[in-house]
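> here's my sequence, what's the structure:
(2 chains)
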Protein chains: 2
Amino acid sequence: MSPNADATPAVLRLGLLGQGTVGAAFEALVAQRADNIQALTGRRPVITGVLTSRSGEFAEILSSCDVIVELIGGIEPARTYVLEALKAGRHVVTANKQLLSQHGEELWEAARQAGVALRFEGSVAGVVPVVGVLTESLAGSHIERLHGIVNGTTNYILSEMARTGATYEQALAQAQEHGYAEADPVEDVDGRDAAAKMAILARLAFSTPVHIDQVAYEGIEKITTDDLEYARELGLGLKLLGTAERVEGGISVRVHPTFLYAGHPLAAITGPFNAVTIESPGITEITLSGPGAGGPQTAAAVLGDVVCLLHGASSVAAPTEELAIVKDVESAFYLHLEVADQPGVLAQVAQLLGLQGASIKSVVQKGLGDNARLVMVIHPIRESQFSAACELISRLDFLRSPPRAIRVIEEVFG
Amino acid sequence: MSPNADATPAVLRLGLLGQGTVGAAFEALVAQRADNIQALTGRRPVITGVLTSRSGEFAEILSSCDVIVELIGGIEPARTYVLEALKAGRHVVTANKQLLSQHGEELWEAARQAGVALRFEGSVAGVVPVVGVLTESLAGSHIERLHGIVNGTTNYILSEMARTGATYEQALAQAQEHGYAEADPVEDVDGRDAAAKMAILARLAFSTPVHIDQVAYEGIEKITTDDLEYARELGLGLKLLGTAERVEGGISVRVHPTFLYAGHPLAAITGPFNAVTIESPGITEITLSGPGAGGPQTAAAVLGDVVCLLHGASSVAAPTEELAIVKDVESAFYLHLEVADQPGVLAQVAQLLGLQGASIKSVVQKGLGDNARLVMVIHPIRESQFSAACELISRLDFLRSPPRAIRVIEEVFG
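A predicted model of the protein is given here:
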C-alpha cells in the first residue's frame, strides 16, 4: 500500500509532525528500536522529516515519506495535514484524541477512499491496546458495554484523596508536582479528555458514529474527602469512569465520578493507570490495564502502529534471536518446615540458609509440640543455592517432614 | 492474499476442521455474527465444509475454501492438514497450543513461504488478546518479562482452596462438577497445558524459538490447604504462574506454583480467569485479563482472527449502525445527606425515594447534632427518577445542605 510497496525498499520513511513530549519520545524510541524492527520486519523505520511550529515544510516532508506520524495534537492544522496525507496515499499514524472524537468519520472515510491505513492506538489509554482489541481481536464479537478509566490524572488524584485523606486541591497540586497533571489541568479534571476517548471507544465498539458532543461528562472538581470516607464504609471506591453501553436499542456514552464495589475489575486500578473493561455476552468480560498516557507510553503505542503497517496481515516473523534457555534463575521463596518444638530451631535453620546466601524476609512460628511449624519468606536467591540450603535443612534431626518450598513474586511496583 | 482476492467475492469460505466443544461453538457464532461481519467488512463468512472423525474429506474441503479453521487439537492429523493448507495458499486460523508449542517454527515458516496468514489468538488465554498484543501492539517494544495465569482450571482450584479451605482433591472435584476441569485433568493440573502456552508467548515476546520441552513446569497436585493458610498470614496468595523473562543474556521460561503479594496485578485474578502481565522498560507494564479457554470464548477469539483476515491492515470500517444516543439511563447511586439530628428523618427520606421508585440498598447514619449525615446506596433506577427524588428531598426542612449524589457500579460478576 505504501507508495514504494512494489520495490519493497529496506527503509520505511516516517514524516513526523510535532516534536513535543510524545514526538520527542517517539524520535528517541525509533532510534533505539530501529535495529530490532528491521530484524523483525525486514524494513528499517527512519524519520525523514520533522515539522515543528518553527521549522520544516509540510509539503516537502509529505513528498519524501511513506507514513505521516501526526503528534501535533488539537484540531488545526492537524486535521488538514492528516487529510492531505491520506489523499496523497500515505498511511497515517496519530495519537490525537481531540481530532478523532470530532472529525473521526471524515478521516476514516478519507483513509478508506485512499486505500491506506489510519491507525491511532496512542489516542486512548497510551500503550494499553484497547483500540487494537476493539478493531481486531473483538471485531467479530457483539459488545454490550465498555467501562474505562481513561484519564490517568484524575485517577491519580482520586487515589491520593482516598489513600491519604488529602483534599482535591492538595491532591491536584501533588499530581502537578509528580508530572501526572499539566499546569492547566482543566480538560483532565472536568472530564472532557476522558469524554473524547470514550467517544472513540464507543465508535469502535458499536460501529456507530459518536461525536464528543454526544458524550455527557462531569469532572471530579467537586468531590470531597468526606464522600470517599463514607463510601469506604459502604465498601465503595471512587473512579472517574467512562461508560459506553447499549440501552433500549440505542447507546449511552458518558463520563462521571462513579463508585465501584471492591470486586469490580476496575476497583483495583489506582494511581496514574488506565484500564478498560469490555463486556460481551459470549465472553463475559475482558480487562486491559496499564500506564496512562505519558510521553514514552504513547510513543510506544505509536511505534506499535508503525510496526503493524510493516507487518500487514501476514504471519509471525522468523525468529530474530537464538536466545539461550537459562535454567538457574533467582526467586524469592516461601519455606514451610514442620519442626520439633525445641530451642534453637530457628537459629539453626537461619544459619544453614545463611551458608548458602539465603536471608529471611519474614517468619511466622506456628503451633506447639507435635504441631510446631516455621513458615518463612526468603529474599530472592538463585534456585540452585536455595535447593542446596533445603538439602542441608532436610538433614536436621528436629525436622518432622521434608521442607516444603514455593516460589514468591514480589510486588512489581512499590 | 486469499485465492479469490482479485474478484473480492462477497463470501469468505471457511473450511472447519473439528467439531468438538470449540468447533461447535464456532459454527454457532459464525451463524450468529455473519450479518454484522458482512456489514463491517463487506464479506460474509460462510462455513463451506466440516471435517470430523466420522465425515468429510480434507482435500475436498480445502479445494473449496479460502481459510482453514483448525480446531481438531493435538499434533496429528492437525499438523499435516495445516501444512497442506498453508502450502495450498490458504490462510489458517487455529487454537491449537500443543501444535504451535511443538511445531510452531515449521508452521510459521510455511506461512511466510506461502505468503499467507497463520493466526492463533485462541491458542492462549481464550479471548484475552495476548497474542495480538505481542505480535502487533507491542511489536515495536522491548519486552523484559511476562507473567501469566494461563490455565483457568488450576486458577479455579487454587481460588477455591484459598476461599473455602477445601483440599486439592475436593476443589478439583468441584471444578469438574462446574465444567472448569476435564474428566482427565492431568495436563491442566501438572502444568503442561500452561507450559505450552508460555512457550508460545515467550516465542512472540522475545522473537526466539521456544519449544515446550524447554519450559520447566510443576503442577499444583501437592499444594496443601496449610500452605495457603500460612501464606495468607504473610500477605501472599497462590497462583500457578507462568514466567518468561530475559536472564543473563538468555531467557527463562517456566511454570510453577507461585505466591504473589497482594499488590501484584495478578493477585486479584480469581476463579477460572486468565491474565497476563507484560513488562517493558518504556511502558512499565500492561495487564490483560478475562475468561480462560471455554468453548464460546475460544470461538470468539478464532472468529476475531477470521475477521482480521478480512480487515487486512486497512482503516476503520464505515459505520454499520446509526444508533441513537440515550440520555436517561439506569444507575445505582450513592446519596449523601447532611441532616438535622431529629426523629423520622430517615423515614421521610425513604418515603420520598419510594415515591419515585427508588429503594435503599444500604444506609449508614453518621455523626450527631450539627454533624449528622445519612449516607446510603440506592438500587439501580433511571436517572430522571432519581433526580426527581433528590429534588423532593432537597426541599425537606431538616436538610442542612443540598443532597450530594454519585453514581455506583455494582460488581459485574457475583
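> mind checking the longest helix of chain A?
helix A:21-41 (DSSP state H).
> so that helix, near chain B or not?
Yes. Using CB under 8 Å from any CB of the partner chain, we find that helix A:21-41 touches chain B at A:29, A:33, A:36-37, A:39-40. All C-beta atoms are positioned from the backbone trio N, CA, C, and that covers glycine.
> buried residues, that helix. List them.
In terms of neighbour count (16 or more other CB atoms under 10 Å in any protein chain shown), helix A:21-41 has its buried residues at A:21-27, A:29-30, A:33-34, A:36-38, A:40-41.
> I'd like the residues of helix A:21-41 next to chain B laid out as CSV, including pLDDT.
Listed next are the residues of helix A:21-41 next to chain B as CSV, based on pLDDT from 0 to 100:
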residue, pLDDT
A:29, 94
A:33, 92
A:36, 89
A:37, 90
A:39, 87
A:40, 84
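> a markdown table please, covering those residues and showing distance to residue B:371.
Listed next are the residues of helix A:21-41 next to chain B as a markdown table, based on distance: CB to CB, whole Å:
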| residue | distance to residue B:371 |
| --- | --- |
| A:29 | 54 |
| A:33 | 58 |
| A:36 | 62 |
| A:37 | 62 |
| A:39 | 67 |
| A:40 | 64 |
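> how about those residues, which pair is most distant?
A:29 and A:39 (16.0 Å; CB to CB).
> ok, and the closest non-adjacent residue to residue A:15?
Setting aside the residues directly before and after it, residue A:15 is nearest to residue A:65 in space (CB to CB, 6 or more residues apart in numbering or on different chains), at 3.4 Å.
> who does residue A:275 bridge with?
residue A:149, residue A:289 (DSSP bridges).
> tell me how many other residues surround it.
Other residues near residue A:275 come to 25 when the count uses other CB atoms under 10 Å in any protein chain shown.
> now residue A:73, what are its backbone angles?
phi 80, psi 170 (degrees, to the nearest 10).
> what segments of the stretch 301-414 of chain A are helices?
Assigned by DSSP state H, counting those that start in this stretch, the stretch 301-414 of chain A shows helices spanning A:345-355, A:383-394.
> surely residue A:150 and residue A:198 touch.
Yes. Using CB atoms under 8 Å, residue A:150 is in contact with residue A:198, at 6.6 Å.
> which residues do these two both contact?
residue A:242 (CB atoms under 8 Å, 6 or more residues apart in numbering or on different chains).
> in chain A, where is pLDDT below threshold?
For chain A, the stretches with pLDDT under 70 are A:1-9, A:312-317, A:410-414.
> which ones are touching the residue minimising distance to the centre of it?
Most central in chain A under CA atoms, centre = their mean is residue A:290, positioned 2.5 Å from the mean C-alpha point. The neighbourhood of residue A:290, defined by CB under 8 Å, 6+ apart, consists of A:125-128, A:273-275, A:297, B:283-287.
> go with 10 Å
Contacts for residue A:290 (CB atoms under 10 Å, 6 or more residues apart in numbering or on different chains) come out as A:125-130, A:269, A:273-276, A:297, A:301, B:265, B:277-278, B:280, B:283-288.
> grab the nearest non-local neighbour of it.
Per CB to CB, 6+ apart, closest to residue A:290 is residue B:286, 3.2 Å.
> run a quick neighbour tally on that neighbour.
Using other CB under 10 Å, residue B:286 is surrounded by 29 other residues.
> swap in residue A:106?
Residues near residue A:106, counting by other CB under 10 Å, number 14.
> can you tell me the SS state at it?
Following DSSP: H, G, I helix; E, B strand; the rest coil, we place residue A:106 in the helix state.
> so it is in contact with residue A:87, correct?
No. Counting by CB atoms under 10 Å, residue A:106 stays clear of residue A:87, with 11.7 Å between them.
> reformat the helices of the stretch 301-414 of chain A as CSV; add mean neighbour count and distance to chain B.
CSV is the format used below for these (neighbours: other CB atoms under 10 Å in any protein chain shown; distance: least, CB to the nearest CB, whole Å):
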stretch, mean neighbour count, distance to chain B
helix A:345-355, 16, 15
helix A:383-394, 17, 10
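> in CSV, list those along with distance to residue B:392.
CSV is the format used below for these (distance: least, CB to CB, whole Å):
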stretch, distance to residue B:392
helix A:345-355, 66
helix A:383-394, 67
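> show me the contacts for residue A:107.
Contact analysis of residue A:107 by CB under 10 Å, 6+ apart lists A:78-79, A:82-83, A:86, A:92, A:94, A:96, A:99-100, A:118, A:120, B:315-316.
> where does the residue nearest to residue A:383 when sequence neighbours are not counted fall, phi/psi-wise?
Closest residue to residue A:383 apart from its sequence neighbours, by CB to CB, 6+ apart: residue A:328 at 5.5 Å. Main-chain dihedrals, residue A:328, degrees, to the nearest 10: phi -100, psi 90.
> kindly report the same for residue A:237.
Main-chain dihedrals, residue A:237, degrees, to the nearest 10: phi -120, psi 150.
> over to residue A:253?
Torsion angles, degrees, to the nearest 10, at residue A:253: phi -130, psi 120.
> was I right about it contacting residue A:204?
No. Residue A:253 is beyond contact range of residue A:204, at 11.9 Å (criterion: CB under 10 Å).
> overlap of the contact sets of those two?
With CB under 10 Å, 6+ apart as the test, residue A:253 and residue A:204 both reach A:146, A:210, A:244.
> closest to residue B:45 among those?
residue A:146 (24.6 Å).
> check contacts around residue A:68.
A:14-17, A:49, A:51, A:58, A:61-62, A:81-82, A:84-86, A:88, A:90-94, A:116, A:118 are the contacts of residue A:68 under CB under 10 Å, 6+ apart.
> ChimeraX command for the buried members of those?
Of those, the buried ones go into a single ChimeraX selection, burial set by 16+ other CB under 10 Å:
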select /A:14,15,16,17,49,51,58,61,62,81,82,84,85,86,90,91,92,93,94,116,118
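> counting only helices, which of the contacts of residue A:68 make the cut?
Counted as lying in helices by DSSP H, out of the contacts of residue A:68, are A:58, A:61-62, A:81-82, A:84-86.
> just curious, which of these is nearest to residue A:369?
Using CB to CB, the ones in helices among the contacts of residue A:68 come closest to residue A:369 at residue A:82, 76.4 Å.
> the closest one and residue A:119 touch, don't they?
No. Using CB under 10 Å, residue A:82 makes no contact with residue A:119, being 11.6 Å away.
> shared neighbours, the two?
Residues touching both residue A:82 and residue A:119 (CB under 10 Å, 6+ apart): A:92-94, A:111.
> closest to residue B:371 out of those?
Nearest to residue B:371 out of those is residue A:94 (CB to CB; 52.2 Å).
> ok, residue A:17 to residue A:23 distance?
Separation of residue A:17 from residue A:23 (CB to CB, to the nearest Å) stands at 8 Å.
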